[in-house]
Structure formats: C-alpha cells, structure tokens
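Participant: Dropping the sequence and predicted coords here.
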Amino acid sequence: MRGLVYTADLSGAEPLSAAARFHDYHLPHIENALNTTDVLTIRFSHAEEKPHRWRVEAIAALARRHAPRRVNGVAPAQENADEEAIAATIAFLDGNEGVTGQLIRAG
C-alpha cells in the first residue's frame, strides 16, 4: 500500500500561531486527503528541539477520528534535516500497517 504525504509548513511560527495555522489552513486539506487514501503521513517543518505537544495530540486525534485509515506525522529533529532519514521514516510509516497516530522525529 502506498500512502500520501502532506507537507504542513509551519516554519517561523510560535507554538500558538503554528497550531492556529495548522487547524485553520492545513486541517481541511488533510481531511480532504484522507478521503482519497488509507495512509497519510503529515510532514511537518522543523519547530524546535521538542515538537510542539499540540502536534502529537493532533496526529493522535486524526488517527482516532479516521480509523481504520492510518495517520502519522514526521517532524525534523533539527533545522537542517537529513532528508534521506526523513524519507526513510516516511517509507517505514507507509509500510507498517500496525503504526498509526504517531509523531516521529527524524533526520
């Protein structure tokens, strides 16, 4: 099964602004994408050392809401992310049917 990757660019936003941008702008696009696929990985832009807690909660809530579809997220571990590591993480999430509702830091 090959899923979709949705990029949620929130770079430069403070946590509250990033959450608002995600919910106001990106969430409708994500909901539409989930009507066309059984597997969706949301690729976030880099935030800070620890991903905003709201991102973890948003991924988990989307996974619960859209089960049995799978929803996961990938957040770069550093500002200049290793794109190969991020691509490998996305491939891992795409190919593992038992994984959903997770936000993984990579690269």
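Facilitator: Great, that's in hand. Numbers count the residues shown, from 1 in each chain.
Participant: Next up, the contacts around R43.
Facilitator: By CB atoms under 8 Å, 6 or more residues apart in numbering, R43 lies in contact with 5-8, 73-74, 86, 90. Just so you know, the C-beta spots here come from the backbone N, C-alpha and C atoms, and that holds for glycine as well.
Participant: What's the per-residue pLDDT of it here?
Facilitator: Note for R43: predicted pLDDT of 96.
Participant: what sits opposite it in the beta ladder?
Facilitator: With DSSP bridges applied, the residues forming beta bridges to R43 are T7, V74.
Participant: going forward can the numbers begin at 54, since that is how I track them
Facilitator: That works, and once the first residue is 54, the last one we named lands at R96.
Participant: if we can go back for a sec, buried ones among the contacts of R96?
Facilitator: The neighbour count (16 or more other CB atoms under 10 Å) marks 58-59, 61, 126-127, 139, 143 as buried among those.
Participant: how distant is the strand or helix carrying E84 from the center of its chain?
Facilitator: Following DSSP states H and E, one finds E84 within helix 80-86. Centroid displacement of helix 80-86 relative to its chain, using CA atoms, centre = their mean, to the nearest Å, is 12 Å.
Participant: which parts of the helix or strand bottoming out on mean pLDDT in the chain are buried?
Facilitator: Of all the helices and strands that make up the chain, the one with the lowest confidence by mean pLDDT, DSSP states H and E is helix 68-74; it has a mean of 90. Within helix 68-74, the residues scored as buried using 16+ other CB under 10 Å are 71-72.
Participant: And that helix, what does it pack against?
Facilitator: helix 106-119 (3 or more CB pairs under 8 Å, 6 or more residues apart in numbering; DSSP states H and E).
Participant: Counting by contacts, list what the helix it packs on packs against.
Facilitator: Packed on helix 106-119, when contacts are counted by 3+ CB pairs under 8 Å, 6+ apart, are helix 68-74, strand 123-129, strand 156-159.
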